[in-house]
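**Q** structure for the following, please:
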Amino acid sequence: MNRLNTVDRNPLVVSRIIGDVLDHFIPIVDLRVCIHGKFPCNGSSLRPSQLASRPRVDIGGNTFRDFYTLVMVDADYPSPSNPHMKEYLHWMVTDIPGTTGASFGKEQVIYEKPELAAGIHRLVLVLFRQPAGWDTVTFFGKRKNFNTRDFADVYGLGAPVAAMFYNGEGKNGCGGRRF
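**A** Residues are numbered from 1 along each chain as shown. From the prediction side, this is the model:
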C-alpha cells in the first residue's frame, strides 16, 4: 500500500487538524475518550448537550512514571467561517500519570463547555508527554487565541504523542468552515 494514500486518509489530515492546530506527528500513546458512555472516534458529531460536561479521558503509556499534558481546544473559535480567535482553550490537565486518566492529573484550566453559536466546530484533544517529568507545566495564559504549537514549544513538550477530535454542532447549523 502506498504510504502517501494512508496519510491522506488520516482523519486529522483530512479535517485539517494537522495544519491548522498541529504539525505532523506519529501517535505513540493510546488516547481514549468517553462522553456519556460512548467512545467517539475522530470526526464524530456531538450536540451541545453532549459537551456540557468534560469527557472522561484515559491514556496509555508504558508506565505511570511518565507524565502527560492534555489540552482541549476549539480550532474554529468563535465561528468556523471566521475563526479569527482560534484556538480557544477549553480544558488543560497536566501531570497525568501514564496508564491512567485525566482525573489523576492536575487541572490547570477548568473545563469550560464549548459555546457553539453557529456551524460545526472541531474540538481537538491533544496529548503531550512531559519530558522533564512531574510538575513542570503550569499555565497562566488566556483561553482565547491559545496556540497549541507555541504552548508545546514554551514547555519543551515536543510533538504530540496522541490526538483526536470530534465535531461540535452549533445551535443553528450555519456558518460552516470555508475551504
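**Q** so where do the strands sit in the chain?
**A** All strands of the chain, identified by DSSP state E, fall at 31-34, 44-46, 56-59, 67-74, 88-97, 106-109, 120-129, 162-169.
**Q** and of those, who's closest to His24?
**A** strand 162-169 (11.0 Å; C-beta to C-beta). C-beta coordinates here come from the backbone N, C-alpha and C atoms, glycine included.
**Q** if we can go back for a sec, so can I have JSON lines of the strands of the chain showing mean neighbour count?
**A** Listed next are these as JSON lines, based on neighbours: other C-beta atoms under 10 Å:
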{"stretch": "strand 31-34", "mean neighbour count": "16"}
{"stretch": "strand 44-46", "mean neighbour count": "16"}
{"stretch": "strand 56-59", "mean neighbour count": "20"}
{"stretch": "strand 67-74", "mean neighbour count": "25"}
{"stretch": "strand 88-97", "mean neighbour count": "23"}
{"stretch": "strand 106-109", "mean neighbour count": "17"}
{"stretch": "strand 120-129", "mean neighbour count": "24"}
{"stretch": "strand 162-169", "mean neighbour count": "22"}
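**Q** just the helices in the protein please.
**A** 3-8, 11-14, 17-20, 148-154 (DSSP state H).
**Q** need those helices in CSV (columns: mean neighbour count and distance to Phe128).
**A** As requested, those are arranged in CSV below (neighbours: other C-beta atoms under 10 Å; distance: least, C-beta to C-beta, whole Å):
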stretch, mean neighbour count, distance to Phe128
helix 3-8, 9, 21
helix 11-14, 16, 15
helix 17-20, 17, 15
helix 148-154, 16, 6
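**Q** where does the closest residue to Tyr77 other than its chain neighbours land on pLDDT?
**A** The shortest distance from Tyr77 to any non-neighbouring residue, by C-beta to C-beta, 6 or more residues apart in numbering, is to Tyr88 (3.6 Å). As predicted, Tyr88 sits at a pLDDT of 96.
**Q** who is the residue nearest the centre of the chain paired with across the strands?
**A** Centroid check for the chain by C-alpha atoms, centre = their mean gives Leu125 as the closest residue, at 1.6 Å. Judged by DSSP bridges, the bridge partners of Leu125 are Met72, Met164.
**Q** where's it relative to Val33, distance?
**A** 6 Å (C-beta to C-beta, to the nearest Å).
**Q** common neighbours of these two, please.
**A** 55, 57, 164 (C-beta atoms under 8 Å, 6 or more residues apart in numbering).
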